[in-house]
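Novice: curious how this folds, go ahead:
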Amino acid sequence: MKKIALLLLLLLTVAGRAGEMLPLGSNAPELDVKKWVHRDSVTIAQYRNQKVVVLFFWALDNNSLMAFKPLAELVGKVGDKVAWIGVAEGDENNISKFKLTKILPFPVAVDSGKTVEAYMPPKVKYPACAIIAKDGRLVWRGSVRSVPHVLKRLLAGKLDINEIVRKEQFNISLGKAVRNKNFKEAVALIEKEQKLKFSSELTALHLQILLEAKDTSGAIKMLDKTIEEHPELPGPHLLRQMLFRSYFKDEAKAARAGRDSIDKLKKFPMVLGNLLQNEMKLSLDQRSPEFIYNMAEALYSSKNTLKPAEQGALLLVYAQAMNMCADNEKAVSAAAEAETLLNDERAKKTAIMLKNYCEKLNKLQKQKKIAK
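Specialist: Presented below is the predicted three-dimensional model:
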């Protein structure tokens, strides 16, 4: 639930300053900088109708500095189809003296504060980038890590700019509704969005908003309906487990929900395996041994519908679950079978180590029984 709460907080923050931030799809404004500290000065206007422009926003912090080298390599790969401009935030003197700026193969300026305010959301996490299309429109902003993928799609003419613009407007509208505690409007916006393009992440946000509105019955109905419509997705099943176990603290309802999820996911063994792995990653106070054991047995009985390599992957998950549930004989058998089916050497090595470990546990248990 912590991750969902952070997403909700981000929406609230964006909505709080949406009026100052330039909407995607708008004509990109010119840079407003104090000083150029690396290479000659440039303008956004000089590249209009000629090149895509990427603005690289950074500060004197470790995360930004770690992005310098990969970004420089990306500039070389993309070539002259794209113009790059660095925009640094911070003390003008410190940035002017900063020697590592020379790693960046493009002009860098110190921002006045107005450029980042126009292009990026409030409390932006550096480093970040904004992308301007050839026609001068701002078409994307976000993490540096996503830039290669976005650029590739944009340059190939496959980036759906209208969809990106629509999605951002939805986020802003949703953030405003939540900020004003208009939960009815927020829920309506989410339901409309889910019909256009379903998202498990949006389901999680929908749940959080219903809980904020104290509509617990609505939260249960929403998850039940989502699971009926999308039984193959692990996210809604996980959320329902979390709701009963952590929010309501009702183990009986959590157990019933767990059995229902297992029944629905028998047709989707890979998804069931994903759900099982997520359950095993939970902290000890949240984990249910009964749910883990029942899921693992259902997984084992449905594995034969898969290809050998997929069977091997799920057998390894099953072996790990059996080890967690102290049934080491089954763990040994499953790990040995997984070893013969897996193609991935790393996974095969894990299966061997698990098998050897569980064999030692079995031997130890037998010795203790004899001693008694």
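Novice: distance from stretch 81-100 to the middle of the chain?
Specialist: 29 Å (C-alpha atoms, centre = their mean, to the nearest Å).
Novice: and it, C-alpha only, in CSV?
Specialist: C-alpha atoms of stretch 81-100 as CSV (Å, rounded to 0.1, in the frame of the first residue of the first chain):
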residue,chain,number,x,y,z
LYS,A,81,19.0,13.6,-35.7
VAL,A,82,18.7,15.0,-32.2
ALA,A,83,20.0,18.2,-30.5
TRP,A,84,20.8,17.9,-26.8
ILE,A,85,20.9,20.8,-24.3
GLY,A,86,21.9,20.5,-20.7
VAL,A,87,20.1,22.6,-18.1
ALA,A,88,21.7,22.6,-14.6
GLU,A,89,20.0,23.7,-11.5
GLY,A,90,22.1,25.1,-8.6
ASP,A,91,24.7,27.6,-7.7
GLU,A,92,26.1,29.3,-10.8
ASN,A,93,29.7,29.4,-9.5
ASN,A,94,29.8,25.8,-8.4
ILE,A,95,28.4,24.5,-11.7
SER,A,96,30.8,26.8,-13.6
LYS,A,97,33.8,25.2,-11.8
PHE,A,98,32.5,21.6,-12.1
LYS,A,99,35.0,19.8,-14.4
LEU,A,100,32.9,16.7,-15.2
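Novice: next, the buried residues of it.
Specialist: For stretch 81-100, burial by neighbour count (16 or more other C-beta atoms under 10 Å) applies to 82-90, 95, 98. (C-beta placed from N, C-alpha, C; glycine too.)
Novice: report how many residues lie close to the closest residue to residue 86 other than its chain neighbours.
Specialist: Closest residue in space to residue 86, ignoring its immediate chain neighbours: residue 108 at 3.5 Å, by C-beta to C-beta, 6 or more residues apart in numbering. Number of residues near residue 108 (other C-beta atoms under 10 Å) recorded here: 22.
Novice: hmm, residue 108 is touching residue 41, no?
Specialist: No - at 10.3 Å, residue 108 does not count as touching residue 41 under the criterion of C-beta atoms under 8 Å.
Novice: looking at the buried residues of stretch 81-100, which are in strands?
Specialist: 82-89 (DSSP state E).
Novice: which residues are contacting stretch 237-246?
Specialist: 1, 203-204, 207, 219-220, 223-224, 227, 250-251, 253-254, 257-258, 261, 264-265, 275, 278-279, 286, 288, 291 (C-beta atoms under 8 Å, 6 or more residues apart in numbering).
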